[in-house]
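>>> Model the following, please.
(one chain, ligands or ions: 1)
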Amino acid sequence: MTATLVDGIGELVTNDPAWAAPGQPADVARLGLVTGAALVVESGRILWVGPHDAAPDTDSRIDLGGRAVTPGFVDSHTHLVYAGDRAGEFAARMAGTAYDGGGIATTVRATRAATDDELRALLAARVAEAHRQGTTTLEIKSGYGLSLDDELRLLRLAREVTPHVTFLGAHVVPAEYAADRAAYVDLVTGPMLEAVVEQGAASDLDVFCEPRSAHAFTEEESREILLAGRAAGLRLRVHGNQLGPGPGVRLACKLGAVSVDHCTYLDDADIDALAQSGTVATLLPGVEFSTRHPYPDARRLLAAGVTVALATDCNPGTCNTSSMPFVIALAVRELRMTPAEALYAATAGSAATLGRTARVAAGEPAELAVHDAPHHVHLAYRPGVPLTRVLVV
Ligand SMILES: [Zn+2]
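Residues are numbered from 1 along each chain as shown. Presented below is the predicted three-dimensional model:
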């Protein structure tokens, strides 16, 4: 394998504080910007990073003509394995129908009816779509099977395209268990979880903790499911505080979850719990955009020193976008994050929930995005414009 010099990088975002310059604001310093940069890649790994003038000689060279390069986006919350379409539900919601989690059953029916090959083709198209927009790392959840065989099937299909697979048997209580919720919790924490662990089908477990939804899980049910997952050696993630104030965030922090996602409705105790725990607050503003819920208060989280991540929550019901640049633009415009904070959250923040770094430095994987723009600010400054692609070296 020959080393390739990637040259002509107008601005390189490294997420490496070693490149911070004196006098930069903290959010920009953290991005570790190098202007007039170059990097050397060999066999998918970064060998060298620095200013163009100091670049070593290599056999081959790519000139990016002044474009910006950043770490590839890390989408740490997606539901990409499903069949069917809920455009009608979206149209009804835009016309005033409230969202309560009930539409998930529609996707469960369509997904159970689909063959492996049908699901595989749908999944491949969605992964390619994310990749075209600069996403290099994806977390994918199950959650539209909700039977032992179907959950394992979805996890296996997800595993074919990413190492970051999350067991979400506790997405909603399926219709056939509506009269006996406890029996479903027993299935999730018993035979389903045992099979997931036995087959090494997932590294993480997630639960939709939302007492306001008749379909999702109460605090007590969520605690039971999370404790079972933790005891089985899985890392924990929680869908929490999406539809209103609730117990999800505090439960996630108390049980040592790597991430609590949504965080749309937070009170002082939630913020304190997040600030005192190592749990990342993953914000999914595409959901608020697509459901017309109020946006989460990112400024309050950042002021409290909480690690914030951004992800799409790409799913057929509440947010059907795979575009991390769109999420970054929303975070800047609607969550009042700075462009630097939003980019960091969409790379280093989300990577932290998956045990990764999203850093551009010697020895790291060459998972990079290139933008038809001179500066990372253009991601939010030029919303909806297809500036970004994965850099293939
Ligand atoms: Zn979700």
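>>> contacts, neighbours, all on C-alpha from now
OK.
>>> Pull up the gap between residue 164 and residue 19, please.
For residue 164, the distance to residue 19 (CA to CA, to the nearest Å) stands at 29 Å.
>>> Quick one: end-to-end length of stretch 79-97, please.
23 Å.
>>> What are the buried residues along that stretch?
79-83, 86, 89-90, 93 (16 or more other CA atoms under 10 Å).
>>> Correct me if wrong: residue 82 contacts residue 106.
No. In this structure, residue 82 is not within contact of residue 106 by CA atoms under 8 Å, at 10.6 Å.
>>> And the strands in the chain, which stretches?
Counting by DSSP state E, the chain has these strands, from start to end: 4-13, 33-42, 45-51, 60-71, 73-75, 135-141, 164-170, 204-209, 235-240, 259-262, 280-283, 308-310, 368-371, 388-390.
>>> out of the buried residues of stretch 79-97, who's nearest residue 237?
Among the buried residues of stretch 79-97, residue 79 lies closest to residue 237 (CA to CA), at 13.6 Å.
>>> what residues are up against the closest one?
140-143, 313-315 (CA atoms under 8 Å, 6 or more residues apart in numbering).
>>> Just put these in JSON lines and tack on distance to residue 31, neighbour count and pLDDT.
What follows is these, written out as JSON lines (distance: CA to CA, whole Å; neighbours: other CA atoms under 10 Å; pLDDT from 0 to 100):
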{"residue": "140", "distance to residue 31": "26", "neighbour count": "29", "pLDDT": "98"}
{"residue": "141", "distance to residue 31": "29", "neighbour count": "29", "pLDDT": "98"}
{"residue": "142", "distance to residue 31": "33", "neighbour count": "30", "pLDDT": "98"}
{"residue": "143", "distance to residue 31": "35", "neighbour count": "29", "pLDDT": "98"}
{"residue": "313", "distance to residue 31": "24", "neighbour count": "29", "pLDDT": "98"}
{"residue": "314", "distance to residue 31": "26", "neighbour count": "24", "pLDDT": "98"}
{"residue": "315", "distance to residue 31": "30", "neighbour count": "21", "pLDDT": "97"}
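>>> Can you add distance to residue 246 and give those back as CSV?
Listed next are the contacts of residue 79 as CSV, based on distance: CA to CA, whole Å:
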residue, distance to residue 246
140, 25
141, 23
142, 24
143, 21
313, 20
314, 23
315, 22
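>>> residue ranges with poor pLDDT in the stretch 1-150 of the chain?
Applying pLDDT under 70 to the stretch 1-150 of the chain flags residues 1, 101.
>>> Residue 164 and residue 19: who's more crowded?
residue 164 (19 against 16; other CA atoms under 10 Å).
>>> and the gap between that one and residue 329?
Taken as CA to CA, the span from residue 164 to residue 329 is 25 Å.
>>> Any idea how many residues pack against the residue lying closest to residue 237 once chain neighbours are set aside?
In space, and not counting its chain neighbours, residue 237 is closest to residue 206: 4.6 Å by CA to CA, 6 or more residues apart in numbering. Other residues near residue 206 come to 28 when the count uses other CA under 10 Å.
>>> which residues does residue 206 contact?
Residue 206 makes contacts with 166-171, 226, 236-239, as judged by CA under 8 Å, 6+ apart.
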